[in-house]
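Trainee: Fold the stuff below for me.
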Amino acid sequence: MRADPMGEAPKDLSLAGSVVDEAIARMIERNVGPLSAASALLGGAIGILSRTLDEEAVIRVLENAIAAVRTGDLRDPPVRGA
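Mentor: Purely as a prediction, here's the structure:
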């Protein structure tokens, strides 16, 4: 089955997110550095995308991620009253 990167969220997205959260927690417990953990997760994610989507779809996903970084969408919101 081919995934649609611009379509609705799959029903198992919440499960996948919780598994990733568990993996991150385990890496923290094992003193894996944040850059190493993030690089490994990103590499794995790109690997899955490249096996399930065509190249242009992977590029669109990555371009969307780049745009989110550039616009500040990934930054923590400011704390009110601070």
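Trainee: May I see the buried residues of the longest helix along the chain?
Mentor: Criterion DSSP state H: the longest helix present in the chain is helix 34-52. Neighbour-count burial for helix 34-52 flags A37, L49 (criterion: 16 or more other CB atoms under 10 Å). The C-beta positions use only the backbone N, C-alpha and C, and glycine is treated the same way.
Trainee: Toward the C-terminus, what is the element adjacent to it?
Mentor: Once the chain leaves helix 34-52, the next helix or strand it forms, by DSSP states H and E, is helix 55-71.
Trainee: any idea of the angle that next one forms with helix 34-52?
Mentor: Relative orientation of helix 55-71 versus helix 34-52 (axes from the mean of the first three to the mean of the last three CA atoms, to 10 degrees): 150 degrees.
Trainee: tell me what helix 55-71 is packed against?
Mentor: On a contact count with 3 or more CB pairs under 8 Å, 6 or more residues apart in numbering; DSSP states H and E, helix 55-71 meets helix 34-52.
Trainee: Contacts only, for V32.
Mentor: For V32, the contacting residues are A40, by CB atoms under 8 Å, 6 or more residues apart in numbering.
Trainee: tell me, how many neighbours does P10 end up with?
Mentor: Close neighbours of P10, defined as other CB atoms under 10 Å, add up to 12.
Trainee: any idea which helix or strand carries it?
Mentor: Assigned by DSSP H and E, P10 falls outside every helix and strand.
Trainee: Tell me the spacing between it and R51.
Mentor: According to CB to CB, to the nearest Å, P10 stands 16 Å off from R51.
Trainee: Next: E22.
Mentor: The span separating E22 from R51 equals 22 Å under the rule CB to CB.
Trainee: And for N31?
Mentor: Going from N31 to R51 by CB to CB gives 30 Å.
Trainee: Please apply the same query to R30.
Mentor: 27 Å.
Trainee: pLDDT (mean, whole number) over stretch 30-39?
Mentor: On average, the pLDDT along stretch 30-39 is 96.
Trainee: Okay then, goodbye and thanks.
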